[in-house]
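[1] Sequence plus predicted model, see below.
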Amino acid sequence: MPDLTPLLAFRWSPRAFDPAAMLTGDEATSLLEAARWAPSAGNTQPWRFAFGHREDDTWKRILVSLPADDQRWARHASALVVVAHTGGDPERAAYDLGQAVAHLSVQATALGLHVHQLTRFDRAGLATELDLPVGIRPTVVVAVGRLGDPFALPEDLRDRETGLRQRRPLADLLLA
Ligand SMILES: Cc1cc2nc3c(=O)[nH]c(=O)nc-3n(C[C@H](O)[C@H](O)[C@H](O)COP(=O)(O)O)c2cc1C
């Protein structure tokens, strides 16, 4: 890993979460504050959040909106957070939401937590389940928790969990 700040170097998206760990109220607030203070185009702040702590009603509704494959590991996350946008230009909203979640992720690392984002979920079903106002569109589900034991994962997930992470070389990313 190159010389990145530890807040970025230690971030990755695990599937093995500690099934016994819960978030404190302060930790949950701190994650949401990090997202709230993200920059956005024209300071429009087009993000809204539904925050579920493990086993509460919101958490259960979010969990069942995920594909069965992902429920296998996401059910151990301490929190499941829906990040939704308020409409308007979808490209701008997607950019702003991504930035808010990035800030949340950095804050999570600072708290010793890990985040795994998911865009594969039943958006319409979740909007109904959470009784979201018309025009509020769920965009991403963020699973948050403390690292668990990768060997407790089903075998297919264990291999992915322990494999080397890859990125394109920097030279391939430079356009000019
Ligand atoms: C916008 C977004 C959507 C993602 N959706 C999914 C998803 O639906 N299912 C999943 O298992 N991982 C999902 N991921 C996690 C990525 O696969 C992961 O971030 C990527 O493989 C890089 O790995 P790293 O985060 O460990 O560096 C998503 C990540 C992002 C940023």
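    Looks like it arrived, so ask away.
[2] quick one, phi psi at F49?
    Torsion angles at F49 (phi, psi; degrees, to the nearest 10) stand at phi -130, psi 140.
[3] now the one 3 residues further on
    The main-chain torsion angles of G52 are listed as degrees, to the nearest 10 and equal phi -110, psi 130.
[4] Give me the pLDDT for it.
    In this model, G52 is scored at 98, pLDDT.
[5] Was I right to think it contacts L80?
    Yes. Between G52 and L80 there is a contact under CB atoms under 8 Å: 4.8 Å. Bear in mind the C-beta positions are built from the backbone N, C-alpha and C, glycine included.
[6] Just give the strands next to the longest strand seen in the chain in its sheet, each with its orientation.
    With DSSP state E setting the assignment, residue counts place strand 137-145 as the longest strand in the chain. Using DSSP bridges, strand 137-145 pairs in its sheet with strand 79-85 (antiparallel), strand 114-118 (antiparallel).
[7] Among those strands, pick out the one with the most neighbours on average.
    Of all these, strand 79-85 carries the top mean neighbour count, a mean of 25, counting by mean count of other CB atoms under 10 Å.
[8] just the CA coordinates of that one, formatted as CSV?
    Extracted C-alpha coordinates of strand 79-85, given in CSV (Å, rounded to 0.1, in the frame of the first residue of the first chain):
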residue,chain,number,x,y,z
ALA,A,79,-25.9,-1.0,11.4
LEU,A,80,-27.5,-0.9,8.0
VAL,A,81,-28.0,2.6,6.6
VAL,A,82,-30.0,3.6,3.6
VAL,A,83,-28.7,6.7,1.8
ALA,A,84,-31.4,8.2,-0.4
HIS,A,85,-31.4,11.3,-2.6
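[9] who touches it?
    23, 28, 31, 35, 46-54, 58-59, 62-63, 74, 93-94, 96-97, 100-101, 104, 126-127, 130, 132, 136-145 (CB atoms under 8 Å, 6 or more residues apart in numbering).
[10] so which of these are also by the ligand?
    For the ligand, the contacts drawn from those by CB under 6 Å from any ligand atom are V140.
[11] Report the buried members of the contacts of strand 79-85.
    23, 28, 31, 35, 46-54, 58-59, 62-63, 74, 93, 96-97, 100-101, 104, 126-127, 130, 132, 136-145 (16 or more other CB atoms under 10 Å).
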